[in-house]
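Colleague: A predicted structure for the sequence below; I have some questions about it.
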Number of protein chains: 2
Amino acid sequence: MSHQSQKSCMASARRISGLLRENGLRATKGRAEVLALFFETGKPLAQRQIMEMLRLKLDRASVYRILNAFTAAGVIHMAYVDGRHRVYELPDRCSGRSCHPHFSCRSCGMTACLEDFKVHSQGTLGKGFVAERQKVLIEGLCPDCTEGKK
Amino acid sequence: MSHQSQKSCMASARRISGLLRENGLRATKGRAEVLALFFETGKPLAQRQIMEMLRLKLDRASVYRILNAFTAAGVIHMAYVDGRHRVYELPDRCSGRSCHPHFSCRSCGMTACLEDFKVHSQGTLGKGFVAERQKVLIEGLCPDCTEGKK
DNA sequence: CAATATATGCGATAGAGTTGCAATAAGCAG
DNA sequence: CTGCTTATTGCAACTCTATCGCATATATTG
(Lines give C-alpha, C1' and ligand atoms only; values in the text may rest on other atoms or scores of the structure.)
Protein backbone atom coordinates (compact mmCIF):
# COMPACT_ATOMS: atom_id res chain seq x y z
CA MET A 1 0.00 0.00 0.00
CA SER A 2 2.90 2.32 0.56
CA HIS A 3 4.52 1.90 -2.85
CA GLN A 4 1.63 1.03 -5.17
CA SER A 5 2.56 3.74 -7.59
CA GLN A 6 5.24 6.37 -7.58
CA LYS A 7 2.90 8.68 -9.39
CA SER A 8 0.11 8.71 -6.85
CA CYS A 9 2.60 9.03 -4.01
CA MET A 10 4.17 12.04 -5.59
CA ALA A 11 0.85 13.56 -6.42
CA SER A 12 -0.39 13.30 -2.86
CA ALA A 13 2.97 14.54 -1.63
CA ARG A 14 2.44 17.70 -3.63
CA ARG A 15 -1.09 18.04 -2.31
CA ILE A 16 0.15 17.62 1.23
CA SER A 17 2.91 20.20 0.83
CA GLY A 18 0.34 22.62 -0.46
CA LEU A 19 -1.91 21.96 2.49
CA LEU A 20 0.97 22.65 4.85
CA ARG A 21 1.83 25.95 3.19
CA GLU A 22 -1.80 27.03 3.09
CA ASN A 23 -1.74 26.73 6.86
CA GLY A 24 1.40 28.76 7.29
CA LEU A 25 3.67 25.77 7.85
CA ARG A 26 6.90 25.09 6.01
CA ALA A 27 6.62 21.93 3.94
CA THR A 28 9.53 19.90 5.25
CA LYS A 29 9.98 16.21 4.55
CA GLY A 30 9.19 15.31 8.13
CA ARG A 31 5.99 17.31 8.27
CA ALA A 32 4.84 16.02 4.90
CA GLU A 33 5.39 12.45 6.01
CA VAL A 34 3.60 12.86 9.32
CA LEU A 35 0.64 14.53 7.67
CA ALA A 36 0.63 11.84 4.97
CA LEU A 37 0.35 9.19 7.67
CA PHE A 38 -2.82 10.80 8.95
CA PHE A 39 -4.30 10.79 5.45
CA GLU A 40 -3.14 7.28 4.59
CA THR A 41 -4.33 5.61 7.76
CA GLY A 42 -7.40 7.76 8.27
CA LYS A 43 -7.12 6.83 11.92
CA PRO A 44 -6.36 8.69 15.12
CA LEU A 45 -2.64 8.50 15.82
CA ALA A 46 -0.40 9.04 18.82
CA GLN A 47 3.25 10.06 18.73
CA ARG A 48 4.32 6.50 19.44
CA GLN A 49 2.47 5.01 16.49
CA ILE A 50 3.74 7.73 14.18
CA MET A 51 7.31 6.97 15.19
CA GLU A 52 6.80 3.30 14.35
CA MET A 53 5.20 3.99 10.98
CA LEU A 54 7.73 6.53 9.77
CA ARG A 55 9.66 5.47 6.68
CA LEU A 56 11.88 8.51 7.07
CA LYS A 57 14.03 8.94 10.16
CA LEU A 58 12.72 11.62 12.45
CA ASP A 59 13.66 12.52 16.00
CA ARG A 60 11.18 12.03 18.85
CA ALA A 61 11.33 15.70 19.70
CA SER A 62 10.64 16.65 16.10
CA VAL A 63 7.52 14.52 15.97
CA TYR A 64 6.26 16.17 19.15
CA ARG A 65 7.01 19.59 17.70
CA ILE A 66 5.32 18.69 14.43
CA LEU A 67 2.20 17.52 16.25
CA ASN A 68 2.12 20.71 18.29
CA ALA A 69 2.63 22.87 15.23
CA PHE A 70 -0.12 21.01 13.35
CA THR A 71 -2.48 21.39 16.28
CA ALA A 72 -1.76 25.10 16.63
CA ALA A 73 -2.38 25.55 12.90
CA GLY A 74 -5.57 23.47 13.03
CA VAL A 75 -4.32 20.88 10.56
CA ILE A 76 -4.99 18.17 13.14
CA HIS A 77 -6.53 18.22 16.60
CA MET A 78 -6.22 16.16 19.73
CA ALA A 79 -8.99 13.59 19.54
CA TYR A 80 -8.65 12.19 23.04
CA VAL A 81 -6.14 11.06 25.60
CA ASP A 82 -5.62 7.32 25.77
CA GLY A 83 -3.93 6.38 29.02
CA ARG A 84 -0.85 8.59 28.87
CA HIS A 85 -0.94 9.07 25.14
CA ARG A 86 -2.32 12.07 23.35
CA VAL A 87 -4.12 10.87 20.26
CA TYR A 88 -4.49 13.21 17.29
CA GLU A 89 -6.50 13.07 14.09
CA LEU A 90 -7.55 15.08 11.07
CA PRO A 91 -10.55 17.27 11.86
CA ASP A 92 -12.22 15.86 8.75
CA ARG A 93 -15.54 14.78 10.07
CA CYS A 94 -15.74 17.26 12.91
CA SER A 95 -17.74 20.42 12.89
CA GLY A 96 -16.60 23.40 14.87
CA ARG A 97 -18.74 22.45 17.85
CA SER A 98 -18.58 18.73 18.01
CA CYS A 99 -16.29 15.91 17.14
CA HIS A 100 -17.37 12.41 16.19
CA PRO A 101 -17.20 10.02 19.14
CA HIS A 102 -14.41 7.53 19.70
CA PHE A 103 -14.42 4.03 21.06
CA SER A 104 -11.71 2.63 23.28
CA CYS A 105 -11.46 -1.01 24.39
CA ARG A 106 -10.58 -1.28 28.05
CA SER A 107 -9.09 -4.72 27.54
CA CYS A 108 -6.78 -4.48 24.54
CA GLY A 109 -6.60 -0.70 24.19
CA MET A 110 -7.83 -0.75 20.60
CA THR A 111 -9.50 2.44 19.50
CA ALA A 112 -11.84 3.39 16.68
CA CYS A 113 -13.84 6.31 15.36
CA LEU A 114 -17.58 5.94 15.65
CA GLU A 115 -18.87 7.65 12.59
CA ASP A 116 -22.41 6.35 12.69
CA PHE A 117 -22.82 7.11 16.34
CA LYS A 118 -24.57 10.34 17.11
CA VAL A 119 -24.53 12.27 20.34
CA HIS A 120 -27.08 14.90 21.18
CA SER A 121 -26.52 17.19 24.09
CA GLN A 122 -29.23 18.97 25.95
CA GLY A 123 -29.13 21.55 28.69
CA THR A 124 -27.36 24.71 29.66
CA LEU A 125 -23.79 25.14 30.69
CA GLY A 126 -24.50 28.10 32.92
CA LYS A 127 -24.09 31.83 32.42
CA GLY A 128 -20.92 32.94 30.77
CA PHE A 129 -19.81 29.51 29.67
CA VAL A 130 -19.01 29.05 26.01
CA ALA A 131 -18.87 25.56 24.56
CA GLU A 132 -16.46 25.17 21.69
CA ARG A 133 -16.00 21.47 21.30
CA GLN A 134 -17.57 18.28 22.52
CA LYS A 135 -15.48 15.18 22.94
CA VAL A 136 -17.15 11.85 23.46
CA LEU A 137 -15.34 8.66 24.37
CA ILE A 138 -17.14 5.35 24.67
CA GLU A 139 -15.29 2.79 26.76
CA GLY A 140 -16.02 -0.91 26.64
CA LEU A 141 -14.99 -4.11 24.92
CA CYS A 142 -14.21 -4.69 21.27
CA PRO A 143 -15.37 -7.81 19.36
CA ASP A 144 -12.09 -9.66 19.95
CA CYS A 145 -12.21 -9.05 23.68
CA THR A 146 -15.90 -9.88 24.13
CA GLU A 147 -15.26 -13.27 22.53
CA GLY A 148 -12.41 -13.90 24.90
CA LYS A 149 -14.60 -13.14 27.90
CA LYS A 150 -17.41 -15.47 26.90
CA MET B 1 -14.94 23.40 57.02
CA SER B 2 -12.36 20.86 57.98
CA HIS B 3 -12.81 21.14 61.75
CA GLN B 4 -16.40 22.32 62.22
CA SER B 5 -17.18 19.53 64.60
CA GLN B 6 -15.15 16.64 65.91
CA LYS B 7 -18.32 14.60 66.11
CA SER B 8 -19.33 14.86 62.47
CA CYS B 9 -15.76 14.24 61.38
CA MET B 10 -15.60 11.08 63.43
CA ALA B 11 -19.00 9.96 62.28
CA SER B 12 -18.12 10.29 58.64
CA ALA B 13 -14.76 8.68 59.31
CA ARG B 14 -16.59 5.60 60.53
CA ARG B 15 -18.89 5.69 57.55
CA ILE B 16 -15.92 5.95 55.23
CA SER B 17 -14.08 3.08 56.84
CA GLY B 18 -17.17 0.95 56.40
CA LEU B 19 -17.40 1.90 52.76
CA LEU B 20 -13.80 0.88 52.25
CA ARG B 21 -14.29 -2.50 53.88
CA GLU B 22 -17.51 -3.13 51.95
CA ASN B 23 -15.41 -2.83 48.83
CA GLY B 24 -12.75 -5.21 49.99
CA LEU B 25 -10.25 -2.51 50.91
CA ARG B 26 -8.43 -2.21 54.21
CA ALA B 27 -9.44 0.90 56.08
CA THR B 28 -6.11 2.57 56.61
CA LYS B 29 -5.71 6.18 57.67
CA GLY B 30 -4.37 7.18 54.29
CA ARG B 31 -7.20 5.57 52.37
CA ALA B 32 -9.84 6.99 54.67
CA GLU B 33 -8.43 10.47 54.28
CA VAL B 34 -8.20 10.28 50.51
CA LEU B 35 -11.74 8.98 50.23
CA ALA B 36 -12.94 11.64 52.67
CA LEU B 37 -11.47 14.31 50.43
CA PHE B 38 -13.60 13.10 47.54
CA PHE B 39 -16.72 13.28 49.74
CA GLU B 40 -15.85 16.63 51.31
CA THR B 41 -15.00 18.44 48.08
CA GLY B 42 -17.53 16.68 45.88
CA LYS B 43 -15.25 17.56 43.02
CA PRO B 44 -13.08 15.64 40.59
CA LEU B 45 -9.57 15.40 41.99
CA ALA B 46 -6.14 14.62 40.61
CA GLN B 47 -3.23 13.17 42.59
CA ARG B 48 -1.61 16.59 42.77
CA GLN B 49 -4.59 18.25 44.41
CA ILE B 50 -5.01 15.39 46.83
CA MET B 51 -1.38 15.74 47.93
CA GLU B 52 -1.91 19.44 48.61
CA MET B 53 -5.11 18.91 50.56
CA LEU B 54 -3.87 16.08 52.77
CA ARG B 55 -3.78 16.89 56.46
CA LEU B 56 -2.02 13.61 57.08
CA LYS B 57 1.40 12.94 55.56
CA LEU B 58 1.26 10.45 52.76
CA ASP B 59 3.84 9.48 50.18
CA ARG B 60 3.34 10.27 46.51
CA ALA B 61 3.57 6.61 45.62
CA SER B 62 0.96 5.73 48.22
CA VAL B 63 -1.51 8.22 46.84
CA TYR B 64 -1.07 6.74 43.39
CA ARG B 65 -1.54 3.26 44.78
CA ILE B 66 -4.61 4.34 46.70
CA LEU B 67 -6.14 5.87 43.59
CA ASN B 68 -5.44 2.70 41.62
CA ALA B 69 -6.87 0.49 44.34
CA PHE B 70 -9.99 2.66 44.59
CA THR B 71 -10.45 2.57 40.84
CA ALA B 72 -10.03 -1.20 40.69
CA ALA B 73 -12.58 -1.57 43.48
CA GLY B 74 -14.97 0.86 41.80
CA VAL B 75 -14.99 3.30 44.73
CA ILE B 76 -13.90 6.06 42.35
CA HIS B 77 -13.35 6.19 38.61
CA MET B 78 -11.22 8.21 36.26
CA ALA B 79 -13.38 11.09 35.10
CA TYR B 80 -11.07 12.48 32.44
CA VAL B 81 -7.46 13.31 31.71
CA ASP B 82 -6.55 16.96 32.09
CA GLY B 83 -3.31 17.64 30.29
CA ARG B 84 -1.04 15.15 31.97
CA HIS B 85 -3.18 14.68 35.05
CA ARG B 86 -5.59 11.84 35.59
CA VAL B 87 -8.65 13.23 37.30
CA TYR B 88 -10.78 10.94 39.46
CA GLU B 89 -14.17 11.31 41.08
CA LEU B 90 -16.87 9.42 42.95
CA PRO B 91 -19.19 7.59 40.55
CA ASP B 92 -22.12 9.21 42.39
CA ARG B 93 -24.10 10.63 39.59
CA CYS B 94 -23.00 8.15 36.97
CA SER B 95 -24.96 5.16 35.83
CA GLY B 96 -23.21 2.07 34.62
CA ARG B 97 -23.37 3.14 31.02
CA SER B 98 -22.92 6.86 31.13
CA CYS B 99 -21.15 9.45 33.19
CA HIS B 100 -22.22 13.05 33.64
CA PRO B 101 -20.30 15.35 31.29
CA HIS B 102 -17.42 17.58 32.31
CA PHE B 103 -16.47 21.02 31.21
CA SER B 104 -12.89 22.15 30.70
CA CYS B 105 -11.84 25.74 30.01
CA ARG B 106 -9.20 25.86 27.30
CA SER B 107 -7.92 29.19 28.56
CA CYS B 108 -7.49 28.79 32.32
CA GLY B 109 -7.79 25.01 32.58
CA MET B 110 -10.63 25.21 35.08
CA THR B 111 -12.89 22.18 35.09
CA ALA B 112 -16.41 21.49 36.33
CA CYS B 113 -19.03 18.80 36.40
CA LEU B 114 -22.06 19.49 34.26
CA GLU B 115 -24.87 17.97 36.22
CA ASP B 116 -27.75 19.55 34.36
CA PHE B 117 -26.31 18.73 31.00
CA LYS B 118 -27.61 15.57 29.42
CA VAL B 119 -26.11 13.62 26.59
CA HIS B 120 -28.07 11.11 24.59
CA SER B 121 -26.31 8.78 22.27
CA GLN B 122 -27.87 7.12 19.29
CA GLY B 123 -26.59 4.52 16.90
CA THR B 124 -24.83 1.21 16.81
CA LEU B 125 -21.28 0.46 17.74
CA GLY B 126 -21.03 -2.49 15.43
CA LYS B 127 -21.24 -6.23 16.00
CA GLY B 128 -19.45 -7.53 19.03
CA PHE B 129 -18.77 -4.14 20.59
CA VAL B 130 -19.89 -3.65 24.16
CA ALA B 131 -20.23 -0.13 25.52
CA GLU B 132 -19.57 0.15 29.22
CA ARG B 133 -19.09 3.82 29.84
CA GLN B 134 -19.55 7.06 28.02
CA LYS B 135 -17.27 9.96 28.78
CA VAL B 136 -18.19 13.41 27.56
CA LEU B 137 -15.92 16.42 27.77
CA ILE B 138 -17.05 19.84 26.68
CA GLU B 139 -14.21 22.22 25.91
CA GLY B 140 -14.64 25.95 25.76
CA LEU B 141 -14.36 29.09 27.83
CA CYS B 142 -15.48 29.65 31.40
CA PRO B 143 -17.22 32.88 32.56
CA ASP B 144 -13.96 34.46 33.76
CA CYS B 145 -12.22 33.82 30.48
CA THR B 146 -15.10 34.94 28.25
CA GLU B 147 -15.11 38.28 30.07
CA GLY B 148 -11.41 38.63 29.52
CA LYS B 149 -11.78 38.02 25.79
CA LYS B 150 -14.48 40.65 25.30
C1' DC C 1 -2.35 -9.85 71.99
C1' DA C 2 0.18 -12.42 68.46
C1' DA C 3 0.26 -13.95 63.61
C1' DT C 4 -0.23 -12.81 58.93
C1' DA C 5 -1.37 -10.56 55.00
C1' DT C 6 -1.55 -6.07 53.17
C1' DA C 7 -0.13 -0.96 52.92
C1' DT C 8 3.17 2.43 53.23
C1' DG C 9 7.69 5.03 52.75
C1' DC C 10 11.65 5.54 50.33
C1' DG C 11 14.58 5.43 46.55
C1' DA C 12 15.17 4.08 41.91
C1' DT C 13 13.11 3.74 37.47
C1' DA C 14 10.11 4.16 33.30
C1' DG C 15 7.96 6.84 29.88
C1' DA C 16 5.69 11.06 27.77
C1' DG C 17 6.63 15.42 26.55
C1' DT C 18 9.60 19.81 26.51
C1' DT C 19 13.63 22.84 25.93
C1' DG C 20 18.21 24.93 24.60
C1' DC C 21 21.46 25.07 21.28
C1' DA C 22 24.12 24.13 17.23
C1' DA C 23 23.52 22.26 12.60
C1' DT C 24 20.49 22.00 8.66
C1' DA C 25 17.19 22.82 5.17
C1' DA C 26 13.05 25.48 3.32
C1' DG C 27 11.61 29.62 1.11
C1' DC C 28 12.70 33.65 -1.28
C1' DA C 29 15.19 37.40 -3.85
C1' DG C 30 18.16 38.18 -7.32
C1' DC D 1 20.84 28.24 -9.95
C1' DT D 2 23.10 30.74 -5.91
C1' DG D 3 23.29 32.73 -1.67
C1' DC D 4 20.74 34.76 2.31
C1' DT D 5 17.47 34.60 6.07
C1' DT D 6 14.73 32.23 9.10
C1' DA D 7 12.25 28.29 10.60
C1' DT D 8 12.99 23.46 11.60
C1' DT D 9 15.61 19.47 13.01
C1' DG D 10 18.71 16.44 15.82
C1' DC D 11 20.75 15.70 20.00
C1' DA D 12 21.06 15.61 24.76
C1' DA D 13 19.53 17.12 29.01
C1' DC D 14 15.61 17.85 31.63
C1' DT D 15 10.69 17.95 33.79
C1' DC D 16 6.94 15.68 35.46
C1' DT D 17 3.59 11.91 36.09
C1' DA D 18 3.36 7.44 37.41
C1' DT D 19 5.28 2.77 38.73
C1' DC D 20 8.15 -0.73 41.08
C1' DG D 21 11.01 -3.32 44.51
C1' DC D 22 11.97 -3.89 48.98
C1' DA D 23 12.16 -3.18 53.94
C1' DT D 24 9.13 -1.50 57.52
C1' DA D 25 4.75 -0.50 59.57
C1' DT D 26 -0.07 -1.38 60.27
C1' DA D 27 -4.86 -3.33 59.73
C1' DT D 28 -7.33 -7.50 60.24
C1' DT D 29 -8.22 -12.23 61.99
C1' DG D 30 -8.25 -15.73 65.47
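Modeller: Right, received. Where do you want to start?

Colleague: helix or strand for the nearest residue to residue A:106 once chain neighbours are set aside, which one?
Modeller: Leaving aside its chain neighbours, residue A:106 sits nearest to residue A:139 (5.4 Å; criterion: C-beta to C-beta, 6 or more residues apart in numbering or on different chains). Where you see a C-beta, it was placed from the backbone N, CA and C, and this is true even at glycine. Per DSSP states H and E, residue A:139 falls inside strand A:130-141.

Colleague: Report pLDDT for the closest residue to residue A:126 other than its chain neighbours.
Modeller: Using C-beta to C-beta, 6+ apart and skipping the chain neighbours, the partner closest in space to residue A:126 is residue B:143 (7.6 Å). Predicted confidence (pLDDT) for residue B:143: 87.

Colleague: Wait, residue B:143 touches residue B:105, no?
Modeller: No: Residue B:143 lies out of contact with residue B:105 (C-beta atoms under 8 Å); the separation is 9.2 Å.

Colleague: Look at the two and report which has more neighbours.
Modeller: Shown here are residue B:143 and residue B:105; by other C-beta atoms under 10 Å in any protein chain shown, residue B:105 has more neighbours (21 against 15).

Colleague: my guess is that one meets residue B:145, correct?
Modeller: Yes: using C-beta under 8 Å, residue B:105 makes contact with residue B:145 at a distance of 5.7 Å.

Colleague: Which segments of chain A make up each domain?
Modeller: As given by automatic domain parsing, the domain ranges for chain A are A:1-92, A:93-150.

Colleague: ok now the first one, how far from the chain's centre?
Modeller: In other words, domain A:1-92. Offset of domain A:1-92 from its chain centre (C-alpha atoms, centre = their mean, to the nearest Å): 9 Å.

Colleague: Same question for the last one.
Modeller: Taking C-alpha atoms, centre = their mean, one finds the center of domain A:93-150 at 14 Å from the center of the full chain.

Colleague: all strands for chain A, in order.
Modeller: Using DSSP state E, the strands found in chain A span residues A:45-46, A:77-82, A:85-89, A:102-105, A:111-113, A:118-122, A:130-141.

Colleague: So which of these is nearest residue B:33?
Modeller: Closest approach to residue B:33 among these is made by strand A:77-82 (27.9 Å; C-beta to C-beta).

Colleague: What pairs with that closest one, parallel or antiparallel?
Modeller: strand A:85-89 (antiparallel) (DSSP bridges).

Colleague: right, quick check: the partner strand against DNA strand D, any contact?
Modeller: No: Strand A:85-89 does not reach DNA strand D (C-beta under 7 Å from any atom of the strand); its nearest approach is 11.8 Å.

Colleague: Residue B:19: which of the strands of chain A is closest?
Modeller: Smallest distance to residue B:19 across the strands of chain A (C-beta to C-beta): 24.3 Å, for strand A:130-141.

Colleague: For that closest one, name the packing helices and strands.
Modeller: Packing partners of strand A:130-141 (3 or more C-beta pairs under 8 Å, 6 or more residues apart in numbering or on different chains; DSSP states H and E): strand A:77-82, strand A:102-105, strand A:118-122, strand B:118-122, strand B:130-141.

Colleague: Buried residues in the fourth one, which are they?
Modeller: In other words, strand B:118-122. Across strand B:118-122, burial judged by 16 or more other C-beta atoms under 10 Å in any protein chain shown covers B:119, B:121.

Colleague: what does that strand contact?
Modeller: Strand B:118-122 has contacts (C-beta atoms under 8 Å, 6 or more residues apart in numbering or on different chains) with A:101, A:117-123, A:136, A:138, B:98, B:101, B:134, B:136.

Colleague: let's go with 7 Å and repeat that
Modeller: Residues outside strand B:118-122 that contact it (C-beta atoms under 7 Å, 6 or more residues apart in numbering or on different chains): A:117, A:118, A:119, A:120, A:121, A:122, A:123, B:101, B:134, B:136.

Colleague: Stretch A:105-114 too?
Modeller: With contact meaning C-beta under 7 Å, 6+ apart, stretch A:105-114 is reached by A:44, A:82, A:87, A:100-104, A:138-142, A:144-145, B:125, B:132.

Colleague: same question, stretch A:57-69
Modeller: Residues outside stretch A:57-69 that contact it (C-beta under 7 Å, 6+ apart): A:25, A:30, A:31, A:34, A:47, A:50, A:51, A:88.
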